[in-house]
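>>> model this:
(chains A, B, C and D)
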Number of protein chains: 4
Amino acid sequence: MLTGDQYLQSLRDGRQLYVNGHAVPDVTEEPLLRASALAAAEGYDRHYQPGEDASGPYFLIPTSVDELRQVQDMYLDWDFPTISTSNGLLMVLTAASRMRADFPQYAERALAYFEDAKRRDIRIVQTITDAKGNRSLSPSKQDDPDLYVRIVDRSADGVVIRGAKLHISSAAIAHELMVMPTKRMKPGEEDYSVAAAVPVNAPGVKIINASFAPRPDLDPDFYPYSSRHVMTEGFIVFDDVFVPNDRLFLAGEVEHSATFAHALGLWERLGSVGSYVRLADTLVGLAQLIAEANGLERIGHIKDKIAEMITYATLIRAGFEAAVQHSTFTPEGWASPDEMFTNAAKYHAAAEFSRMVRHLHDIAGGSVLTAPSLRDLRNPETGPYLEKYMRTMEGVDAEYRMRLFHTIRDFTADAFGGWKHVTVIQAGGGLYAQKVVVTNHYDMENAKALALETAGITPDGTVVSAAEVPSAELTDGYAPL
Amino acid sequence: MLTGDQYLQSLRDGRQLYVNGHAVPDVTEEPLLRASALAAAEGYDRHYQPGEDASGPYFLIPTSVDELRQVQDMYLDWDFPTISTSNGLLMVLTAASRMRADFPQYAERALAYFEDAKRRDIRIVQTITDAKGNRSLSPSKQDDPDLYVRIVDRSADGVVIRGAKLHISSAAIAHELMVMPTKRMKPGEEDYSVAAAVPVNAPGVKIINASFAPRPDLDPDFYPYSSRHVMTEGFIVFDDVFVPNDRLFLAGEVEHSATFAHALGLWERLGSVGSYVRLADTLVGLAQLIAEANGLERIGHIKDKIAEMITYATLIRAGFEAAVQHSTFTPEGWASPDEMFTNAAKYHAAAEFSRMVRHLHDIAGGSVLTAPSLRDLRNPETGPYLEKYMRTMEGVDAEYRMRLFHTIRDFTADAFGGWKHVTVIQAGGGLYAQKVVVTNHYDMENAKALALETAGITPDGTVVSAAEVPSAELTDGYAPL
Amino acid sequence: MLTGDQYLQSLRDGRQLYVNGHAVPDVTEEPLLRASALAAAEGYDRHYQPGEDASGPYFLIPTSVDELRQVQDMYLDWDFPTISTSNGLLMVLTAASRMRADFPQYAERALAYFEDAKRRDIRIVQTITDAKGNRSLSPSKQDDPDLYVRIVDRSADGVVIRGAKLHISSAAIAHELMVMPTKRMKPGEEDYSVAAAVPVNAPGVKIINASFAPRPDLDPDFYPYSSRHVMTEGFIVFDDVFVPNDRLFLAGEVEHSATFAHALGLWERLGSVGSYVRLADTLVGLAQLIAEANGLERIGHIKDKIAEMITYATLIRAGFEAAVQHSTFTPEGWASPDEMFTNAAKYHAAAEFSRMVRHLHDIAGGSVLTAPSLRDLRNPETGPYLEKYMRTMEGVDAEYRMRLFHTIRDFTADAFGGWKHVTVIQAGGGLYAQKVVVTNHYDMENAKALALETAGITPDGTVVSAAEVPSAELTDGYAPL
Amino acid sequence: MLTGDQYLQSLRDGRQLYVNGHAVPDVTEEPLLRASALAAAEGYDRHYQPGEDASGPYFLIPTSVDELRQVQDMYLDWDFPTISTSNGLLMVLTAASRMRADFPQYAERALAYFEDAKRRDIRIVQTITDAKGNRSLSPSKQDDPDLYVRIVDRSADGVVIRGAKLHISSAAIAHELMVMPTKRMKPGEEDYSVAAAVPVNAPGVKIINASFAPRPDLDPDFYPYSSRHVMTEGFIVFDDVFVPNDRLFLAGEVEHSATFAHALGLWERLGSVGSYVRLADTLVGLAQLIAEANGLERIGHIKDKIAEMITYATLIRAGFEAAVQHSTFTPEGWASPDEMFTNAAKYHAAAEFSRMVRHLHDIAGGSVLTAPSLRDLRNPETGPYLEKYMRTMEGVDAEYRMRLFHTIRDFTADAFGGWKHVTVIQAGGGLYAQKVVVTNHYDMENAKALALETAGITPDGTVVSAAEVPSAELTDGYAPL
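Numbers count the residues shown, from 1 in each chain, chains lettered A, B, ... in the order given. As a prediction, this is how the structure comes out:
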């Protein structure tokens, strides 16, 4: 296993990074990006165990409901690249299991890759969304054939790929990119059906970065959350990158072009749902704290809004619990969470998030925006006034209350908050995509059977005369008033 | 155990029933009510086993998660009085468990009552909502002291009660009424703190009935569901009814006045949630069947609406699963479902029901209302026209499609549908009541701790300078883009 | 003009009507339908003025905003066939105006028809929705070519039409059917592009009726609204009906096949919006009355729900006012309400109706369903109990409160209520159709221009460097905190 | 009238300003604030006309519906202090009109102040929200009596006030503060019933500022909107500020303590609604532009979401139109917009805003967050890649599309976007406050009368037997199917 220092050293590998118009020669020195690297290094140190056979818990393959729940619980304490590594490898294994019958060589490579990654203790990020060009045209119909990543050359040793992948969280501080098709490809789009593991420092890989993080010269106390919690998003260019055969998991087999995306969705959305439980609880907590700090916690409409936030948190939690509890198992014995519950919870979390933030803003009031900075509190000319007027009662002083307002702004109504508003919708695909998956995994035959029974129509479509149904069959299990 | 016939015979016990302005000398002969009695009789026959020790599964006290799930699954096939008996006795046992420390005699009576009810194989209905008068005044402040059921006389042998209880489903066809206070009573309201089991035919009990059932002379095929599924609602008067001590479970102890209502809510709402899963699935099935019958099942906005209905069904199901899975156990070893999950699912089911019906109506179109009757289909003058114009394609004939429209109207847009719209909101208390319970059982301390951590405030309220947090502590478990 | 008696006499004209499986020889004698006829007769009497030149206000063509508002206000007091006559003729005139340039002969026939209808003082219903068969196929692709009304024969004198029209309100008690295509027809579908005025008693016309009205032998006091307010819905068959040329307004000109439906939508939706204002106000009133009767009108969450209902009513009213105020005028000087405002208000009214009813049910409580009948109140055995327990306080007696509950059930949670739930969605097309119209009439170019300005992009697509915008151009008209 | 330069010079008047922990000796030099001052100066230049009698249109008192609409239309092009001056003076005049009967001297002072402000061409900001302390206690019950602004000394010449006012937009660049009570005061709270005009540079006034504006050293092109549109929010301290009598408009008369807040709400909310129409249209435009740039504008669920955004924009517009159209007039002949329509539109705009932004985010996709900066586009190492992969089709190049993404982020998902999320809720009071005003101005008596009529209850409360209503009275104005 690697220590944090070894990890940081490993990032100085010639990778080509850019941000805000300039090159980044060393990610550990770049002001906007280094905090991410340090956070990941801290994760390495926390997990480090000496010895040849040691490996991080992020390489655990859960084989029971309890193990699956444990892994998901651990996610809440891990840095993002570590979560992504776990998620990405579970995705690869799920895909391998589904491809084994058709393409055993890919399944074997995937397993070998898993073992190799574990041995090297690397961090891997999932690399899926293409540039896409005109969405109304398929990959092969674009006026530039590179708008989806594709194979541009093949040799006995491997392939060469070209294109771009967008929205790749933590790419700048990971070791490898798990590249896969963004969607199902059709016959004739074989070159677009490519999955591979690509080192971040492979020749031809370039990453242009963006982040919600406040600029390093800004007052960190004005950003109580986002100054401490970072995420980089990478725009990754593959400028004719060579991939050797042993890192190639799909290279033209269109019938499995969607296997990776489906497997990714499975794991990523479960992880999202787990994190949204915490997110929803946090929103409830902020609402309750600011209501108490303002003396409003017993007002009817305030309690009502908090109760809606609690119900929101509880339904997401229920979806998470049901998804884990109803796991199925692959032939290899690996646990897979239930897709229907996972996606329903993800959809609800995403669809109602902005309404919950609206409740929080409605409860908290305008000081979310206008609370002066702690620097004004420290300024002897203005501090006493803020001490006097930003406190509300015994036990609620200005500094505490100002911090709550700054946090609510930072967490929900500033750059990080905006990032959250968008990611909650877009992570794992927009709302439409989640509806499609819920529908696909729902037991529609059962629903139709219930409807037919309700209608007095037999399964073969015969309409039964209501007068002929003996009253002895009358039953009603529906709830009482 | 009783057979169906024995049960029907047992209802001819002198009970005083009324409906639509006239007395009902024999409930098994009254057109509007007899179907309910016959349905319950059918339930008796289905469960009947000979022998002294035999007892129905509705007397099972679940002691594990699996048993609890089994009982709830069985509810879906039982008639309402049987469900109510199970629910009511589980309520009594839960209440007994909670009262045992303070009032062991009540706990013993409750247990003895449970055993006696089991031995006699009776049906019991929960009897809770009072007349209430002016809701802005407490029971003892009403201008008529009888607007909440109360003790008007006490003797060594028992008490005499007076008042009315409303919305008592299936009261007319049950054997006993499990009477309990509708809400927490305050000191000074001892006479209103009364819980008791009262036979339906006890002197002084009178029941005035209502029902959504179509009048018996109407075309049953126009009401494909409600002509076969019945429910009576009873307005029950207690005109100075004597209750002997061994049927008295509370008689003045205000500190336990809400214990019964809380225990009732627990069990009734879980049962409701279980039935709403089926209700939601049925709505999905009806939407899908009518979309297919109209050739609309591949249209984007139709699929989108059905996907929302599926998500609705799935979230309720998730809440039910999580509630059962997270059961706790009383000192006696009896399972209790999780209240937070139960109530969140109940709230969501109730709050969104009307929107789901709106989707169904939007998908189905105007023939929900205007489809002529099957009698018009049988009429040789009009039948051929309906055959021709109510069919849509190979495999979808007029009779089948008309039945679907009639069912959607009957199930969601006629007398039964209206009953469902109201009960889904009111069963177990209105939306506000459910929000209160969710809130009470939510782990607010955890939410506040998460919020404080997000804000960089220590548990003791100290605001930590963001600049002083070492970057090594940076983590982010939130979901990727 | 006709008197009510003359009108009733005019309905005995050999028309072929059916209901519930039997023929209706005389609509004025049929228990389920006669109330509609009597209501329309009362309308005749109310409007009757003697003299050759007299004509009803329903033949007024508004030529100013004020006149348009007056006509719409009058709608609220008219019976449905009278409203439909006004709406239908305004539709015909609007369509004539739009067709005048291309087909002046149709415009002239339409005007002549208007004058003739006015002279004869007849009632006309709009007849638009076809049987439609498989919705995924166009009219000419159906396996039965008659699933949309079509011309099956043409001669020098006129055409013969065949097919069915569904959901035709008040058809049984009107004089003529204004038949028009249900949607835009394509080249090759000339025979389906037919608009015509057809007498109800024309040979080959048959009407099968449905109604939400309570059966005549039911207690009218249990249906306080629907026993007094009636509507019949007709399923109309055209079994090879001859239409003479002077009643033919379209006969094959596919380019104008949608002109009638668009014009119909314009007028019908404005009328709907006007009636929804009253509907919404009525829901508010019922909520407030029952809250007051229960002593709940000062409870926070009750007031909150009523405030949402009030906001709903007010937004619909605003849409109605804006639609009328922003009328445009045809070359003939006839007023046309604004389509965008009309459709946005219609959409909002329809989309939120079920949520408003949910509020009403949440406020009112379970007695909406379980309040016994007034017959039970009149029964000396049960009346005193209901007097005692259904009253709540000084000034709120049992009869008044029971009537409120019966009304809420009848109006929103029984057969009429279900009819309302469906019609509010389906009248003028489902929610999707209304969204399409709003979109079509919205000024998207203006919206895009605002967005480009916000983005700092010039109208020709040039991205302006933000640094180059002089600060002197900074402005902000947005609202203050 | 003043020129822009004269205005900028006038701000160098010794005012005591602070921001981010330091004092601001000259607002026109402070990086974070100067853009606001320059924008206001530009407004002066635009309006400037020479001559003694010249005055800005912001001093127009509308006396007709058309004039009112004109003023509101002009708001959309004015800087905020100018809008606030107009709004504030209309508020003062409205309040004066309402106070005239009781306190003619205040009405005269207000009018004199209006004329003086017009003569001096000053900018005035409305100064209302107090520090408030513990919201569950009234002003006089706070543990610090200064938590609401109050009179601490009175003399023959005037009064001395102490306290703080929060969320005062543009205070730092205005000339005077129109101070008024934040809510109705009760007897005993005379000292809190104070309204006055206070110069920003009056001794004892100190303003601590906050702003959503990006820091001046950040890339303005990454903030295409907020780098050009600015707003400062002031936390204003009144440290024993003297107010002379002629600037005092209320000084202890509790019966008029809420008159100013009500008048403020009237004008501020109408202005808000006007700006929200533009805001909503802008959201629609952004959604349509990005959908077109991505080739998605013909996809069903995308069109559906845009249609909902259009309906949202249209309903707000309808509310604005109806509010203006239904203006009432004071005895002086001054126009007052309708409060019910204004507040319903304001509520709808606020309550649904976050859902509309959700639609925009759902349509736009993840590049809202991850689109690299234009600096990366200008960097020759990365620019060609972005040119290649951020374009989508002929006519949609990288720069244009990146600017759209940056704008959507800046406008809805970054610091300005967060400010907008909060202000749309909080401006003019939270959602609850708006519901209260809608309720207060709704014609509840009419709604109750309609409900009684529906119920068949006479105005005096008599329940009419349904059987006795002659059928001739049957009517139905409701909409057809």
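>>> okay, domains of chain A per the record?
A:13-29+A:123-253, A:261-440 (automatic domain parsing).
>>> how many residues are close by residue A:263?
23 (other Cβ atoms under 10 Å in any protein chain shown). Using the backbone N, CA and C atoms, a C-beta is placed for each residue, glycine as well.
>>> buried deepest among the domains of chain A, which one?
Among the domains of chain A, ranked by average contacts under mean count of other Cβ atoms under 10 Å in any protein chain shown, first place goes to domain A:261-440 (a mean of 23).
>>> how far does it sit from the chain's center?
Computed by Cα atoms, centre = their mean, to the nearest Å, the chain-centroid distance of domain A:261-440 equals 15 Å.
>>> what average pLDDT does that domain get?
The average pLDDT within domain A:261-440 is 95.
>>> name the helix or strand for the residue in the stretch 51-200 of chain A that chain C sits nearest to, please.
Residue nearest to chain C within the stretch 51-200 of chain A (Cβ to the nearest Cβ): residue A:134, separated by 16.9 Å. Using DSSP states H and E, residue A:134 sits in no helix or strand.
>>> where do the strands of chain A begin and end?
A:16-19, A:22-24, A:124-127, A:150-154, A:158-169, A:176-179, A:194-199, A:205-211, A:232-244, A:248-251, A:328-329, A:335-336 (DSSP state E).
>>> how about those strands in TSV, adding distance to residue C:213?
Formatted as TSV, these follow (distance: least, Cβ to Cβ, whole Å):
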stretch	distance to residue C:213
strand A:16-19	72
strand A:22-24	77
strand A:124-127	62
strand A:150-154	67
strand A:158-169	59
strand A:176-179	66
strand A:194-199	65
strand A:205-211	65
strand A:232-244	63
strand A:248-251	65
strand A:328-329	53
strand A:335-336	55
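>>> residue A:336: what's it in contact with?
A:94, A:266, A:327-330 (Cβ atoms under 8 Å, 6 or more residues apart in numbering or on different chains).
>>> state the pLDDT value of residue A:468.
For residue A:468, pLDDT reads 73.
>>> for it, give its distance to chain D.
Distance of residue A:468 to chain D, given as Cβ to the nearest Cβ, to the nearest Å: 32 Å.
>>> that older thread, export the contacts of residue A:336 to TSV and tack on distance to chain C?
Formatted as TSV, the contacts of residue A:336 follow (distance: Cβ to the nearest Cβ, whole Å):
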residue	distance to chain C
A:94	36
A:266	32
A:327	36
A:328	35
A:329	40
A:330	38
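>>> of these, which is the nearest to residue D:349?
residue A:266 (39.5 Å; Cβ to Cβ).
>>> who's in contact with that closest one?
Counting by Cβ under 8 Å, 6+ apart, residue A:266 touches A:91, A:94, A:336-337, A:339, A:342.
>>> go on, residue A:14?
Here residue A:14 is in contact with residue A:201 (Cβ under 8 Å, 6+ apart).
>>> next, give phi and psi for it.
phi 90, psi 10 (degrees, to the nearest 10).
>>> just the local confidence number for it, please.
For residue A:14, pLDDT reads 97.
>>> ok, now residue A:172?
For residue A:172, the predicted pLDDT is 96.
>>> that one contacts residue A:17, doesn't it?
Yes - if you go by Cβ atoms under 8 Å, residue A:172 and residue A:17 touch, sitting 5.3 Å apart.
>>> mutual contacts of the two, please.
A:24, A:27, A:33, A:207, A:209.
>>> now those in TSV, with distance to residue B:252?
Formatted as TSV, the shared contacts of residue A:172 and residue A:17 follow (distance: Cβ to Cβ, whole Å):
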residue	distance to residue B:252
A:24	77
A:27	74
A:33	71
A:207	75
A:209	72
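>>> got the phi and psi for residue A:62?
phi -70, psi 140.
>>> next up, the contacts around it.
So residue A:62 contacts A:68, A:70-71, A:334-335 (Cβ under 8 Å, 6+ apart).
>>> what residue is smack in the middle of chain A?
Centroid check for chain A by Cα atoms, centre = their mean gives residue A:272 as the closest residue, at 4.7 Å.
>>> residue A:238 versus that one, what's the distance?
With distances taken as Cβ to Cβ, to the nearest Å, residue A:272 is found 26 Å from residue A:238.
>>> same thing with residue A:171?
12 Å.
>>> and of the strands of chain A, who's closest to residue C:369?
strand A:328-329 (42.8 Å).
>>> and the closest one, which strands flank it?
Next to strand A:328-329 in the sheet, as set by DSSP bridges, lie strand A:335-336 (antiparallel).
>>> what sits closest to the residue in the stretch 151-300 of chain A that chain C sits nearest to if chain neighbours are left out?
Distances between the stretch 151-300 of chain A and chain C by Cβ to the nearest Cβ are smallest at residue A:300, namely 3.1 Å. Computed as Cβ to Cβ, 6 or more residues apart in numbering or on different chains, the closest residue to residue A:300 that is not its neighbour in sequence is residue C:300, at 3.1 Å.
>>> wait, the one you found sits on residue A:302?
No - at 9.8 Å, residue C:300 does not count as touching residue A:302 under the criterion of Cβ under 8 Å.
>>> out of the strands of chain A, flag the one nearest residue C:106.
strand A:158-169 (56.2 Å).
>>> near chain D at all, that closest one?
Yes - using Cβ under 8 Å from any Cβ of the partner chain, strand A:158-169 comes into contact with chain D via A:163-164, A:166-167.
>>> I'd like the average pLDDT over that strand.
pLDDT averaged over strand A:158-169 gives 96.
>>> now do that strand: which elements does it pack against?
strand A:124-127, strand A:150-154, strand A:176-179, strand A:194-199, strand A:232-244, strand A:248-251, helix D:367-370, helix D:383-390 (3 or more Cβ pairs under 8 Å, 6 or more residues apart in numbering or on different chains; DSSP states H and E).
>>> residue of the stretch 1-150 of chain A nearest chain D, please.
Residue of the stretch 1-150 of chain A nearest chain D, by Cβ to the nearest Cβ: residue A:21 (2.7 Å).
>>> ramachandran coordinates for that residue?
According to degrees, to the nearest 10, residue A:21 has phi 90, psi 0.
>>> pLDDT score for it?
94.
>>> so what's the residue nearest to it when sequence neighbours are not counted up against?
Leaving aside its chain neighbours, residue A:21 sits nearest to residue D:375 (2.7 Å; criterion: Cβ to Cβ, 6+ apart). Counting by Cβ under 8 Å, 6+ apart, residue D:375 makes contact with A:20-22, D:219, D:221.
>>> identify the farthest-apart pair in these.
A:22 and D:221 (15.0 Å).
>>> quick check: residues of the stretch 301-450 of chain A near chain C?
Counting by Cβ under 8 Å from any Cβ, the stretch 301-450 of chain A sits next to chain C at A:301, A:304, A:366, A:369-370.
>>> for those residues, which one is nearest chain B?
residue A:304 (6.6 Å).
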